[in-house]
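Just need the structure, nothing else, for what follows:
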Amino acid sequence: MNELHSRVLRQKDELINDRRWLHQHAELSWEETETADYLESKLREIKGLTLSRPTPTSVMAVLKTGRPGPVVAIRADIDALPIQEENELEYCSVHSGVMHACGHDGHAAILLNAVRILCEEPELLKGEIRFVFQHAEETPPGGAVEVIAAGVLDGVDEVYGLHLTSILPTGQFGVCEGVLTSATDRFDVTIHGKGGHSSMPHECVDPIVTGAELICALQTVVSRSIAPADAAVLSVCRAEGGSAYNVIPNTFSLTGSVRTYNEDVRARIEQRIKSLSEGIAAANGAAAEFSYSRGYDSIVNNTELTIMGRKLIADTFGAQHVTELSPIAPGDDFCYYSQKCPGFFVELGAANHALGSDAPHHNPKYRMDEEALVYGLEYTVAILRSRCGE
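So this is what the prediction gives:
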């Protein structure tokens, strides 16, 4: 057993305790006051740090070694989701309707404990490390934009991030060079018709029938307007209209999600949704009100840092712990960090069927395997040592 692994195992209890406290006190985007206060209070117990609050609910800790070297940043997101937890755990969320169902409590606990370990050995490090505990990743436009505007990346040479995932078994690191995640966009369409009595549809312009036709037509956008070599996902996720069984309403609305990996495809899909919405509405004597909101861009992993990260994971845990990923559909506002300086973002498996830790993210029964935290902590310390070690 090597020195780092032994040190991480000694940190395991505190690591898990931090994660459970954060899980129990889950808070929504831009409301992470208790979370940020907890993290700041724990960081204040560690010697050698400079602390700041880039925004009211984010925290940054800076370790300045005083020796020439790179300026490296690493980010953990800290917000939760508007989900009612359905797990039976002694540390379930105490806030009704709010739950850490995406692993951000684990991300924050990993980074906090990495700070503890690295601050024990400042004489072995060079340069500067910025530990960013970022708010509001779950809700576009996202907290990354705000903390970057506050200067957390000023002068930074490279930036790192990690995400626990239920698509990989515990201890598997998903690595992808180049485009890793999708761009995450939203569209909204409201069909304006003419309501009336259900027994006299000929006197009406039925927005529900028009909307149903549009929903079916939208399923052809990817299959008929996008080249087979270009991946994309279009999903209609909400449809709403009407208030009574015998009333044809005036309006019908639908909302959906678009995931793409290429800016040309992104623009093409936006144009096709608009054209179909307006054309199908007009063909039925209705009108369409269309809006398209661009969410996060794709995370793009730097080639050099990806090669380095892949080798480090193999050297630390064994080559069998490296899984080569194709681009994945979930998005993340880490994309804005990697647009400012070279970045590397890795997916870390936290799924264990035997423990019941296999529910998908954003699910009321999401429950990570806490052994993944140990892998995450060892990886985080290893990569920061490798970049800022003497």
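
Every contact and neighbour count from this point should use C-alpha atoms.
Fine.

could you dump stretch 358-368 to PDB, C-alpha only?
Backbone C-alpha positions of stretch 358-368 (Å, rounded to 0.1, in the frame of the first residue of the first chain) are rendered in PDB as follows:
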ATOM      1  CA  ASP A 358     -27.400   2.300  -8.900                       C
ATOM      2  CA  ALA A 359     -30.400   4.700  -9.300                       C
ATOM      3  CA  PRO A 360     -29.700   7.300 -12.000                       C
ATOM      4  CA  HIS A 361     -28.900  10.900 -11.300                       C
ATOM      5  CA  HIS A 362     -31.800  13.300 -10.700                       C
ATOM      6  CA  ASN A 363     -33.800  10.400  -9.200                       C
ATOM      7  CA  PRO A 364     -35.400  10.500  -5.800                       C
ATOM      8  CA  LYS A 365     -33.600   7.200  -4.900                       C
ATOM      9  CA  TYR A 366     -30.200   8.300  -6.100                       C
ATOM     10  CA  ARG A 367     -27.600   7.000  -3.600                       C
ATOM     11  CA  MET A 368     -23.900   6.900  -4.300                       C
END
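
quick one, longest strand in the chain?
strand 158-169 (DSSP state E).

Tell me the strands beside whichever helix or strand comes after it, with direction?
Going down the chain from strand 158-169, the next helix or strand is strand 173-175, by DSSP states H and E. Using DSSP bridges, the strands paired with strand 173-175 are strand 322-324 (parallel), strand 343-351 (antiparallel).

Could I get these in CSV, plus columns for mean pLDDT?
Formatted as CSV, the strands paired with strand 173-175 follow (pLDDT from 0 to 100):
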stretch, mean pLDDT
strand 322-324, 98
strand 343-351, 98
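
Just say which of those is most tucked in.
strand 343-351 (a mean of 27; mean count of other CA atoms under 10 Å).

okay, and for this structure, where does confidence drop off?
Applying pLDDT under 70 to the chain flags the ranges 1.

could you pull out the strands for the stretch 101-250 of the chain?
128-134, 158-169, 173-175, 178-179, 183-192, 196-197, 232-240, 247-248 (DSSP state E, counting those that start in this stretch).

Distance to residue 3 for those - can I get that in a markdown table?
A markdown table is the format used below for the strands of the stretch 101-250 of the chain (distance: least, CA to CA, whole Å):
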| stretch | distance to residue 3 |
| --- | --- |
| strand 128-134 | 21 |
| strand 158-169 | 23 |
| strand 173-175 | 21 |
| strand 178-179 | 33 |
| strand 183-192 | 40 |
| strand 196-197 | 75 |
| strand 232-240 | 45 |
| strand 247-248 | 71 |
